[in-house]
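1. predicted model and sequence follow; I will ask about them next.
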Amino acid sequence: MTDDKILSVMESIINRWMDVEQKLYIISKEIIAKPHFISLSYKEADVKKINILNGAVVNNNGNFNDPKTGYSINVMIGDKKQGYGSRWDSRDYIPRNPEVLRKLIDDNIDFVLKSALVSYISNIEKIVSVKQERGNKFSHLSNDPVAVYIEKKPKSKPVPENLILTLKDWTKEMSKLNFVDESNSILYSEHNSRRFVDSQGRKILDHSFLEKVILAIDIRHNKNFEIPFGQSIYSIKGWDNINQRLEDILNEILRDIEQLRNASIPTSNQYPVVFNGVSVGIIYHEALGGHNLSGRYIKKGFSTTFKNQLNKKILPEFITVIDNPQKKDASGFYRFDEEGIEGQRVVLVENGILRNYLLDRDSAVYFGKLSNGHSRGEWLCDEMGSIIPEPRVSNLEIISSNSVPDEELVEILKKYCIENNIKCGLYIDARAGEVDVDTSEFHLYPHKAWKIFPDGRRERITSFYVAAHPYELLKQIVVTGNGYKTCTGMCGAESGWVPAQQIAPAAFIPKVTIQAEEPKIETKRLLEKLND
């Protein structure tokens, strides 16, 4: 037991329900079913959000203005050999009171146990000759070590007033520019505490912080179409870390938006491209780590791109890819995943050869392995029901043994254009992307981009995206730079948004497909903007 009242409540509930028997009759034979596994997760999230629009604060309601509390229950009934029927249920926005929590969970768990048994019975059709839906319906549990970890609650700090003032002044000055329609900033702070207990003896109490500043500007191009431009700054180390980086970023954004108002739209085609390190990190996140190497997606047949590819070459031999949840001070850091399993450093690709997948306990059994602690989820439920954690990426690192100084990559691109009679190549800095899990095709959305001409000229471009497939793009990488860039952000999936980080070198790729986007033309203003 522990001194934490809520953990004690969770332990007592599991002990109370583990020996409950359910009786049923199948063809006149009495069957007695007891739960094989119960886990409880309880989370508290304190969220502070300040929105600043054109120099004025829209909302600022005290230290925390969106507190959330909730729990989830997972019950498994069945047998180890065949698999378990599983049922998740959850609820949020409940009082932060141990006694209220005890009664709510106790009432709820009766329904969950019955539903888990129904799930098992309905899945028995798998052992008879009937047409099956895609994916294995049964759940499994790998035989992982049992951990107990209790962390003291760290102190949280309010949003610094000087940071609020800086962003008020900055958004106001940006909104005065003739080519800026709107300028806003969001300061966001989240403190999470998570308690996890299961019937196998795991007991976790840990905490996490996330601070971020979102900067967004609507720019009016000189041809009267709108270009949204934004940048986010993430930190798990506190507001001081954001303050240290903010001034340089604000100055850089001003230079960028002045260039974007005159940027051209490139023609849809294939181009030789130098991607900077941030872009390469996003590429590997979307092409590999985001979903395509998820053990759950592969087990259920949702993603087949890298199925049956273990110990086979999928990348150039000079590329190694690692995911490490316990990389300290990294945005995707965590000690234990949503199943109470310690997050492990995993070599996904070694010298171009696929070595492992991102695994939770269920998918680990499918591959004959133990979980590597990558089950992640943002919250416990949404308007559609319970959110079920799944294998997710954390802190991705791409390592190259074939590199040149970064400045040489552009020279390699220019030489390639001359030798292949190509008018120009591209230099792309991308900060966002998305993947279609069924096809593995992904899009990359440029943050900044230029045409690079063989004579050294550069031309700013906008309104396009990169369209690619992992096999087409990743195997083409010719050489990388020797400098590594870090990109932090949020990764979205069915289990919600989770913090993630990528570290990668720049790279040259000879053939990249880009698709131009038709801009929405606005009418000219009838009058000039108002002055102060």
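-> Perfect, thanks for sending it. Numbers count the residues shown, from 1 in each chain.

2. who does the helix or strand D106 falls within touch, helix- and strand-wise?
-> Per DSSP states H and E, D106 falls inside helix 98-123. When contacts are defined as 3 or more C-beta pairs under 8 Å, 6 or more residues apart in numbering; DSSP states H and E, helix 98-123 packs onto helix 5-17, strand 22-26, strand 37-53, strand 68-79, strand 83-92. C-beta: built from backbone N, CA, C; applies to glycine.

3. swap the cut-off to 6 Å and go again
-> The helices and strands touching helix 98-123, judged by 3 or more C-beta pairs under 6 Å, 6 or more residues apart in numbering; DSSP states H and E, are helix 5-17, strand 68-79, strand 83-92.

4. among the ones you listed, which is nearest G352?
-> Distance to G352, taken as C-beta to C-beta, is lowest for strand 83-92 among the helices and strands packed on helix 98-123, at 34.8 Å.

5. pretty sure E434 sits in a strand.
-> Yes. Residue state for E434 (DSSP: H, G, I helix; E, B strand; the rest coil) corresponds to a strand.

6. next one: it from I398, what distance?
-> Here E434 is placed at a distance of 19 Å from I398 (C-beta to C-beta, to the nearest Å).

7. between those two, who's got more neighbours?
-> With neighbours defined as other C-beta atoms under 10 Å, E434 and I398 compare such that I398 has more, 26 against 13.

8. thought G481 was touching F508?
-> No. Applying C-beta atoms under 6 Å as the test, G481 and F508 come out as separate, 8.6 Å apart.

9. which residues do these two both contact?
-> Between them, G481 and F508 share these contacting residues under C-beta atoms under 6 Å, 6 or more residues apart in numbering: L409.

10. pretty sure K414 sits in a helix.
-> Yes. Applying three-state DSSP, one finds K414 inside a helix.

11. for stretch 206-216, list every residue counted as buried.
-> D206, S208, F209, L210, E211, K212, V213, I214, L215, A216 (16 or more other C-beta atoms under 10 Å).

12. tabulate those (TSV), appending distance to A493 and secondary structure.
-> Formatted as TSV, these follow (distance: C-beta to C-beta, whole Å; DSSP: H, G, I helix; E, B strand; the rest coil):
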residue	distance to A493	secondary structure
D206	21	strand
S208	18	strand
F209	22	strand
L210	17	strand
E211	23	strand
K212	19	strand
V213	24	strand
I214	20	strand
L215	25	strand
A216	23	strand
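
13. which among those residues gets closest to F37?
-> Here the nearest of the buried residues of stretch 206-216 to F37, counting by C-beta to C-beta, is D206; it sits at 21.4 Å.

14. how close does the closest residue to that closest one other than its chain neighbours get to L7?
-> Sequence neighbours aside, E151 is the residue nearest to D206 in space, at 4.7 Å (criterion: C-beta to C-beta, 6 or more residues apart in numbering). Distance of E151 to L7, computed by C-beta to C-beta: 12 Å.

15. could you dump the helices and strands packed on helix 98-123 to a markdown table with distance to K448?
-> Formatted as a markdown table, the helices and strands packed on helix 98-123 follow (distance: least, C-beta to C-beta, whole Å):
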| stretch | distance to K448 |
| --- | --- |
| helix 5-17 | 47 |
| strand 68-79 | 36 |
| strand 83-92 | 39 |
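
16. so can I have JSON lines of these showing mean neighbour count, distance to V349 and mean pLDDT?
-> Formatted as JSON lines, these follow (neighbours: other C-beta atoms under 10 Å; distance: least, C-beta to C-beta, whole Å; pLDDT from 0 to 100):
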{"stretch": "helix 5-17", "mean neighbour count": "18", "distance to V349": "39", "mean pLDDT": "96"}
{"stretch": "strand 68-79", "mean neighbour count": "22", "distance to V349": "32", "mean pLDDT": "95"}
{"stretch": "strand 83-92", "mean neighbour count": "21", "distance to V349": "30", "mean pLDDT": "94"}
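
17. among the ones you listed, which comes closest to V159?
-> Short answer: strand 68-79, nearest of the helices and strands packed on helix 98-123 by C-beta to C-beta, at 18.5 Å.

18. packing partners for the helix or strand of the chain with the lowest mean pLDDT?
-> Sorting the helices and strands of the chain by mean pLDDT, DSSP states H and E puts strand 22-26 at the bottom, at a mean of 82. On a contact count with 3+ C-beta pairs under 6 Å, 6+ apart, strand 22-26 meets strand 29-33.

19. let's go with 8 Å and repeat that
-> strand 29-33, helix 98-123.

20. among the ones you listed, which is nearest K43?
-> Closest to K43 of the helices and strands packed on strand 22-26 is helix 98-123 (C-beta to C-beta; 11.7 Å).

21. may I see the buried residues of that closest one?
-> By neighbour count on 16+ other C-beta under 10 Å, the buried set for helix 98-123 is 98, 101-102, 105, 108-109, 112-113, 115-117, 119-121, 123.

22. now do stretch 418-429
-> So stretch 418-429, judged by 16+ other C-beta under 10 Å, has buried residues I422, C424, G425, L426, Y427, I428, D429.

23. just give me the closest of those residues to R195.
-> Using C-beta to C-beta, D429 comes nearest to R195 of the buried residues of stretch 418-429, at 40.6 Å.

24. what about stretch 105-115, distance to the chain center?
-> Computed by C-alpha atoms, centre = their mean, to the nearest Å, the chain-centroid distance of stretch 105-115 equals 31 Å.

25. and what of stretch 465-483?
-> So, by C-alpha atoms, centre = their mean, the centroid of stretch 465-483 is 21 Å from its chain's centroid.

26. just the terminal-to-terminal distance for that stretch.
-> 25 Å (C-alpha to C-alpha, to the nearest Å).

27. quick check: buried residues in it?
-> If you call a residue buried by 16+ other C-beta under 10 Å, then stretch 465-483 has these buried ones: 465-470, 473-474, 476-477, 479-481.

28. pLDDT value on N224, please?
-> Here, the pLDDT recorded for N224 equals 87.

29. ok, now which ones touch it?
-> The neighbours of N224, taking C-beta atoms under 8 Å, 6 or more residues apart in numbering as the test, are I521, E522, T523, K524.

30. in this structure the second one contacts N222, no?
-> So that's E522. No. Using C-beta atoms under 8 Å, E522 is not in contact with N222, being 11.8 Å away.

31. picking that back up, can you list residues touching both of E151 and L7?
-> Joint contacts of E151 and L7 (C-beta under 8 Å, 6+ apart) are L205.

32. what are the ranges of the helices in the protein?
-> Applying DSSP state H to the chain gives helices spanning 5-17, 98-123, 161-176, 239-260, 277-284, 295-299, 361-366, 406-419, 470-474.

33. now for the first one, which elements pack on it?
-> Put plainly, it is helix 5-17. Counting by 3+ C-beta pairs under 8 Å, 6+ apart, helix 5-17 packs on strand 37-53, helix 98-123, strand 180-198, strand 203-220.

34. I'd like those written out as JSON lines, with distance to C417 and mean pLDDT added.
-> Shown next, in JSON lines, are the helices and strands packed on helix 5-17 (distance: least, C-beta to C-beta, whole Å; pLDDT from 0 to 100):
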{"stretch": "strand 37-53", "distance to C417": "44", "mean pLDDT": "95"}
{"stretch": "helix 98-123", "distance to C417": "58", "mean pLDDT": "93"}
{"stretch": "strand 180-198", "distance to C417": "35", "mean pLDDT": "94"}
{"stretch": "strand 203-220", "distance to C417": "29", "mean pLDDT": "93"}
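
35. could you dump the ones you listed to CSV with distance to R87?
-> Shown next, in CSV, are the helices and strands packed on helix 5-17 (distance: least, C-beta to C-beta, whole Å):
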stretch, distance to R87
strand 37-53, 11
helix 98-123, 4
strand 180-198, 15
strand 203-220, 22
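
36. quick one: closest of those to P160.
-> strand 180-198 (9.4 Å).
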